[in-house]
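[1] have a look at this prediction, sequence included:
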Amino acid sequence: MTSALNIVVGVTGGIAAYKAVGVVRLLVRAGHRVQVIATEHALNFVGAPTWEAISRQPLATDLYTDVSEVRHVALGQRADLVIIAPATANTLAKLAAGIADDLLGNTVLATRAPVLVAPAMHTEMWQNPATVANVATLRERGIHIVGPESGQLTGTDSGPGRMSEPEDIVDAGLGLVPDAAGDLRGRRILITAGGTREPLDPVRYLGNRSSGKQGIALATAAHLRGADVELITASIDETLPNHVPSHGVQTAAELQRAVHTSLPAADIVIMAAAVADYRPVQVSETKIKKEERGDTLTLELEKNPDILAGLVPLARPEQIIVGFAAETSRDREHLLELGRAKLARKGCDFLCLNAVGWNDGFGADRNTVIILDATGTIVGEASGSKREVADAILTAITAG
Ligand code: CTP
C-alpha cells in the first residue's frame, strides 16, 4: 500500500533498544528498506546478529568501514526518514550540540530527511533542565519527538521516560513522509473523534467514555494513505498525531459549527465522535452547591441536534458521509437490526457498527466493526487493532 522508503533507524545505548527491534521489524514488514545504525553502547543491549537478521541488511556501526563509499554522509543523504529509537539523554545532548563523533551523529547532520527521535531514560534525566533545554532546541530545529510515555521504567521506579511503543513510533515516523502514491491521495477527509462534554457549571460536565482512539487511528491511517486529513476532536484520552491538522471543541453545538464550517471542502466526512444526545437546559454560572440543592438534584436536559443526520441534506451528491453506531447488543443479528434502523434514521452513505459494553470498545486498543452501505448491505468487516479497523473502514468507504 505504501511506497518503499529508505529508512535509517539509529539505535543508541539504552535498555529500550530491545523495543527498537520491534520498530525495525514493523518497518521491514511494511516493505521499507531499513538501515540500522547502532552506536557502540547500543550493542551492549542488543547485538549485531539481531539487527542484521531483522533488518536483512548489514549493520552500520563505525565511521571507518566502507570509507570509499563516503558512508558518513551517504546514509543520511539517501534516507527518506531517520528514526532514532531509543534516544538516550546523552544522544539528545549530542544531537542538540551537532556532535558528529560517530556514524549516527554524522548521518543526522548529513540528512535533509525528517528526523524522529524516541527518547527513553529515567524520569529524573528526562526532567533535568539540561535535557529539557536540549529537547526544546531539537524541536525548534524541526526534529520530531515521539513520547516518552509514562510508565514502569527499568528497575522499580515509574514515571515519564518510557520509550513509546513500536507501533506508535512507526506511525509517527511514517506520518512524516506521507505516501506520494497512496490510494487516498487527493481525497480530503474530515474526521471527528472523542466524546463531547456538556457543561453543568464551571467545573462539571456531562460526558461519555469515548477515548477518541478510533477516530485518531482513522486520521493517521488516512494520512498515511495520502489523504488530506482534518481532525476535529472533542475530549480525547490520546496524544494527537502531530502530522494531521486538528482543532478541539467541547460541546455538541461547537462540534456542529466546526463540522458545518469544514463540510464544503471535504470529500468524505467520518463522524467517529460520540456526541451527547442531551445537554443541560441551564448551565450554572457558578459552582452548584450541595448545601443549596439538598439531598437530590434534578437536571433538566434538552436534545442536542443530530449532527450526522443534519449533514446528509447539506452534502453534495458526490460527498461521502460516514456514521458510527455504538450499540450494546451482543447478538450479531440484533446488532445488525439496530444498525440498519440507525442507518435509516440518519440517511448516511455508510455506517460503521460496533458493539460496546462496560468493558468493550471504549478506550480499548482493539475494535470490531461491521460496515454497512446505504442499503444496509455489509460491505466490510474488521476485527483487530484500531489502526487495522481504520484501514478496513477507509477501504470499504472508498471502494465504489
Ligand atoms: N451523532 C451525531 N449527533 C448526535 C448524536 C450522534 O452526529 N447528536 C452521530 C455520531 O457521531 C455517530 C452516529 O451519529 O456517527 C451514531 O451515534 P450513536 O450515539 O450511536 O447514535 P444516536 O443517534 O445517539 O442514537 P442512540 O444513542 O439513541 O442509539
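    Looks like it arrived, so ask away. All values derive from a computational prediction rather than experimental measurement.
[2] just give me how far the helix ranked longest in the chain sits from the chain centre.
    Determined from DSSP state H, the single longest helix within the chain is helix 332-346. Helix 332-346 sits 29 Å away from the centroid of its parent chain (CA atoms, centre = their mean, to the nearest Å).
[3] list the buried ones in it?
    Buried positions in helix 332-346, judged by neighbour count with 16 or more other CB atoms under 10 Å: 335-336, 338-340, 342-343, 346. From N, CA and C alone the C-beta is placed, and that goes for glycine too.
[4] which SS state does the residue in the stretch 51-200 of the chain that the ligand sits nearest to fall under?
    Nearest residue of the stretch 51-200 of the chain to the ligand, counting by CB to the nearest ligand atom: T192, 6.4 Å away. The local conformation at T192, judged by DSSP: H, G, I helix; E, B strand; the rest coil, is strand.
[5] now the longest helix of the chain: mean pLDDT?
    Mean pLDDT, helix 332-346: 95.
[6] against which helices or strands is that helix packed?
    helix 307-314, strand 320-327, strand 350-355, strand 366-373 (3 or more CB pairs under 8 Å, 6 or more residues apart in numbering; DSSP states H and E).
[7] got those as JSON lines, with distance to the ligand and mean pLDDT columns?
    Output for the helices and strands packed on helix 332-346, formatted as JSON lines (distance: least, CB to the nearest ligand atom, whole Å; pLDDT from 0 to 100):
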{"stretch": "helix 307-314", "distance to the ligand": "3", "mean pLDDT": "97"}
{"stretch": "strand 320-327", "distance to the ligand": "4", "mean pLDDT": "95"}
{"stretch": "strand 350-355", "distance to the ligand": "8", "mean pLDDT": "93"}
{"stretch": "strand 366-373", "distance to the ligand": "12", "mean pLDDT": "93"}
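[8] any chance of these in a markdown table with distance to P178 as columns?
    Below are the helices and strands packed on helix 332-346 laid out as a markdown table (distance: least, CB to CB, whole Å):
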| stretch | distance to P178 |
| --- | --- |
| helix 307-314 | 27 |
| strand 320-327 | 21 |
| strand 350-355 | 24 |
| strand 366-373 | 24 |
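[9] save the ones you listed as CSV, and put in distance to V108 and mean neighbour count too.
    Formatted as CSV, the helices and strands packed on helix 332-346 follow (distance: least, CB to CB, whole Å; neighbours: other CB atoms under 10 Å):
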stretch, distance to V108, mean neighbour count
helix 307-314, 45, 17
strand 320-327, 41, 22
strand 350-355, 41, 24
strand 366-373, 36, 21
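[10] the ligand contacts on the stretch 151-300 of the chain?
    The stretch 151-300 of the chain has residues 252, 271, 273-275, 277 near the ligand, with proximity defined as CB under 6 Å from any ligand atom.
[11] neighbour-wise, which of those leads?
    Counting neighbours by other CB atoms under 10 Å, A273 leads these with 29 neighbours.
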